[in-house]
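# build the 3D model from these lines:
(chains A and B)
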Amino acid sequence: MKEIHELSLPDDVRYAEDHEWVRADGETARIGISDYAQDQLGDIVFVELPPEGTTLAKGEEFGTVESVKAVSELYMPVGGEVTAVNAGLEDTPESVNSDPYNDGWMIEIKPSDPAEVEALMDKAAYLEMLKGSA
Amino acid sequence: MRFLPHTQEDIQEMLGVVGVDSLDALFTTIPQECCCRLGLNLPEPLTEWELDSHMDDLAGRNASSANYKMYMGAGSYDHYIPTGLGYLRSRSEFLTAYTPYQPEISQGTLQAIYEYQTLASRLMGTEVATASHYDGATALAEALLMSIRVTRKKKVAVSQAIHPLQRRVVETYLKPTGYAIETIPYQADGRTDLKALENMSDYAGVAIQSPNFFGCIEDLEAAGDLAHRQKALFIASFTEAIALGLLKSPGSQGADIVCGEGESFGLSRSYGGPGLGMLGSSKKYMRNLPGRLIGRTKDLDGRDGFVLTLATREQHIRRERATSNICTNNSLCALTAAMYLAFLGGSGLRELAELNHSKAEYLKGSLQESGLALPFASPTFNEFVVRMPAGFDATYKRLLDQKIIAGLNLAPYYPELADCYLMCVTETAAKEDLDTLVKEVTS
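Now for the predicted structure:
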């Protein structure tokens, strides 16, 4: 397991309490799980994602991530319509481990309320939360 | 684990610790009306030989295939169990093995399940098969739930020609969870009315049994095409596993999920059970399969080894989010089936299936020649429906006294099929007995 200071926590994403990240880019936003989450889960062997076109509210389950240890639910950090899913994860789910913020992205959505993105934690706040739970 | 009953002293000491003075005081929270005050009304004790004879009397009230000519299948079939099978399966390492909660230490248990899975998936024509379930009925319910998980839809369609009791188990599983079950009617030839499927949409799964409850062989390929056109998963079920020795496998005919009862593979018909729930699917859906799967792999030294695989979705890890919470697999029954299939071999299973089919055809032809009508025209395997002369009940009772069970009266299950009986002929039937049966029912 990584120490907290070893975690990669980029500045250009927002973080949710369930350890998903959101990167807004104009009309759309990409969602994945943080370096902390992938590190806790261990080797990821399968990612189950929703069909494109699904509309989900903040907090709803959008899929599952399966590591050799466990299957965990993925929750929407913000509400919106799924516009794309990372099909590459079908063959290389391990990119969630190796590159959680880029190749390891999971879904792209059109957020229903951009303010929900703003309300998420920035790097500093997320780091504080991790320190509190560590 | 030893069982040592508490002494009076133990009980007093424990009562003292919790601060009550008698057992009655301990149980005061139980409502009075629920307490039996009369004591247990038990008969006088018996000697061992008296008890033995009493149990024999009770057992004698059952019609077992040892003493009866059995022409009733309807989900549980009278197949001969090779004597060697009983000896092998009662070896203590098989008979007493319990669910491998620490699985990899029990390589033998895992290998046995793996061998069963291999045979089951070949027969069903699926890429993957589970380690087994309770019985065919629960496997069918699990298959339907699986289609709901995969498609995220809330309705399923079930053929009316699926075993009526299995359909009741499906209702028990699905109704309380709010999933709707639609029935696809059967048509004049005894097969499922596939036209009805054309107007059905938004279904998670479509389930069809073949041979169906009337013994008729369904057109699985056509049913699968229609189900897929409606974006539903196609589930093919069976109650007579021996038919898999002769018919094209359901998987090769487009079934996404195949499930059924494996009792015919060497299991006894002890009061209907124990059963063997067989279930398999294509690899695409393996993460949604309920229960457990055993896989083969290599250990650090490159030797073959067996592991519990994809267990991350099982109940002891996923709790209420597991793919199923009734994951007990029937390992001893699965092992028995694997042994039975090994006894027969591939060509043996086929010959046995042919024997079932040809003997059933013989009875079917003879009944028809003697003037009885066969309401359904579709080809059958080892069961078929025949319309008996009105007032056949009396003949049926008379035959029962002669230790002949002349099929199953379908009226209680399908009121529109009055005077129709479901007849079954397996390899155990002799030609003379079949001739006697024809004479008796037509006299």
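# what's the neighbour count on the residue of chain A found nearest chain B?
Nearest residue of chain A to chain B, counting by CB to the nearest CB: residue A:71, 4.6 Å away. For every residue, glycine as well, the C-beta is placed using N, CA and C. Residue A:71 has 23 neighbouring residues, counting by other CB atoms under 10 Å in any protein chain shown.
# make sure it is actually in contact with residue B:311.
No: judged on CB atoms under 8 Å, residue A:71 makes no contact with residue B:311 at a distance of 10.0 Å.
# circling back: for the residue of chain A closest to chain B, give me its contacts.
Applying CB atoms under 8 Å, 6 or more residues apart in numbering or on different chains to residue A:71 gives the contacts A:64, A:65, B:312, B:313, B:317, B:318, B:321.
# so residue A:47 is in which element?
Counting by DSSP states H and E, the element that carries residue A:47 is strand A:44-48.
# does chain B sit close to that strand?
Yes: with CB under 8 Å from any CB of the partner chain as the criterion, chain B is reached by strand A:44-48 at A:46, A:48.
# name the helices or strands packed onto that strand?
strand A:61-67, helix A:95-98 (3 or more CB pairs under 8 Å, 6 or more residues apart in numbering or on different chains; DSSP states H and E).
# ok, back up a step: which residues do residue A:71 and residue B:311 both contact?
The overlap between the contact sets of residue A:71 and residue B:311 (CB under 8 Å, 6+ apart) consists of residue B:317.
# who in the stretch 201-350 of chain B is up against chain A?
By CB under 8 Å from any CB, the part of the stretch 201-350 of chain B that sits against chain A consists of B:287, B:312, B:313, B:317, B:318, B:321.
# now do the contacts for the nearest residue to residue A:97 once chain neighbours are set aside.
Counting by CB to CB, 6 or more residues apart in numbering or on different chains, residue A:97 lies nearest to residue A:38, which is 5.1 Å off, once chain neighbours are set aside. For residue A:38, the contact set (CB under 8 Å, 6+ apart) comprises A:44, A:96, A:97, A:100, A:104.
# which residues touch residue B:396?
For residue B:396, the contact set (CB under 8 Å, 6+ apart) comprises B:406, B:409.
# wasn't it part of a strand?
No: under DSSP: H, G, I helix; E, B strand; the rest coil, residue B:396 falls outside any strand and is assigned helix.
# quick one: it from residue A:43, how far?
Between residue B:396 and residue A:43 the computed distance is 64 Å (CB to CB, to the nearest Å).
# which residue is the nearest non-sequential neighbour of residue B:292?
residue B:131 (4.7 Å).
# where along the chain do the helices fall?
Just so you know, I chose chain A. For chain A, applying DSSP state H gives helices covering A:35-41, A:95-98, A:114-118, A:123-133.
# actually it's chain B I care about, not the one you picked
With DSSP H as the criterion, chain B has helices at B:8-18, B:23-26, B:48-60, B:83-89, B:92-95, B:107-124, B:136-151, B:164-174, B:195-198, B:220-229, B:315-318, B:331-369, B:392-401, B:431-442.
# next, the angle helix B:107-124 makes with the longest one.
Angle of helix B:331-369 versus helix B:107-124, following axes from the mean of the first three to the mean of the last three CA atoms, to 10 degrees, is 30 degrees.
# and the residue nearest to residue B:201 when sequence neighbours are not counted, what does it touch?
Closest residue to residue B:201 apart from its sequence neighbours, by CB to CB, 6+ apart: residue B:230 at 5.5 Å. Contacts for residue B:230 were tallied using CB under 8 Å, 6+ apart; they are B:197, B:200, B:201, B:202, B:203, B:206.
# how about low-confidence regions in chain A?
A:133-134 (pLDDT under 70).
# re earlier: just the helices of chain B: most buried one?
helix B:136-151 (a mean of 25; mean count of other CB atoms under 10 Å in any protein chain shown).
# output it as CSV, nothing but the C-alphas.
Below are the C-alpha coordinates for helix B:136-151, written out as CSV (Å, rounded to 0.1, in the frame of the first residue of the first chain):
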residue,chain,number,x,y,z
GLY,B,136,-33.4,-27.9,-11.8
ALA,B,137,-36.1,-25.6,-10.5
THR,B,138,-33.8,-23.3,-8.6
ALA,B,139,-31.3,-23.3,-11.5
LEU,B,140,-34.1,-22.1,-13.7
ALA,B,141,-35.0,-19.3,-11.3
GLU,B,142,-31.3,-18.4,-11.0
ALA,B,143,-31.0,-18.3,-14.8
LEU,B,144,-34.0,-15.9,-15.0
LEU,B,145,-32.5,-13.7,-12.3
MET,B,146,-29.3,-13.7,-14.2
SER,B,147,-30.9,-12.5,-17.3
ILE,B,148,-32.4,-9.6,-15.2
ARG,B,149,-29.0,-8.7,-13.9
VAL,B,150,-27.4,-8.8,-17.4
THR,B,151,-30.1,-6.8,-19.2
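# show me what that helix is packed against.
In terms of contacts (3+ CB pairs under 8 Å, 6+ apart), helix B:136-151 is packed against strand B:155-159, helix B:164-174, strand B:205-209, strand B:233-238, strand B:257-261, strand B:277-281.
# what's the angle between that helix and strand B:257-261?
Compare the direction of helix B:136-151 with that of strand B:257-261 by the same axes, to 10 degrees and you get 170 degrees.
# could you check how far helix B:136-151 is from the centre of its chain?
Helix B:136-151 has its average C-alpha position 14 Å from the chain's average C-alpha position, going by CA atoms, centre = their mean, to the nearest Å.
# now do the same contact list for the closest residue to chain A within the stretch 51-200 of chain B.
Residue of the stretch 51-200 of chain B nearest chain A, by CB to the nearest CB: residue B:152 (8.1 Å). By CB under 8 Å, 6+ apart, the contact list for residue B:152 reads residue B:204.
# quick revisit: now tabulate the contacts of residue A:38 in CSV and tack on neighbour count.
Compiled in CSV, the contacts of residue A:38 are given as follows (neighbours: other CB atoms under 10 Å in any protein chain shown):
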residue, neighbour count
A:44, 24
A:96, 25
A:97, 16
A:100, 25
A:104, 23
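# quick check: beta-bridge partners of the closest residue to residue B:378 other than its chain neighbours?
Spatial nearest neighbour of residue B:378, excluding adjacent residues (CB to CB, 6+ apart): residue B:216 at 3.9 Å. Per DSSP bridges, the residues bridged to residue B:216 are residue B:380.
# residue B:216 contacts residue B:188, correct?
No: if you go by CB under 8 Å, residue B:216 and residue B:188 don't touch, sitting 11.2 Å apart.
# of the two, who's got more company?
Remark: of residue B:216 and residue B:188, residue B:216 carries more neighbours, 25 against 10, as counted by other CB under 10 Å.
# so which bits of chain A are right by chain B?
Within reach of chain B by CB under 8 Å from any CB, chain A has these residues: A:46, A:48, A:66, A:67, A:68, A:69, A:70, A:71, A:73.
# nothing else from me, thank you.
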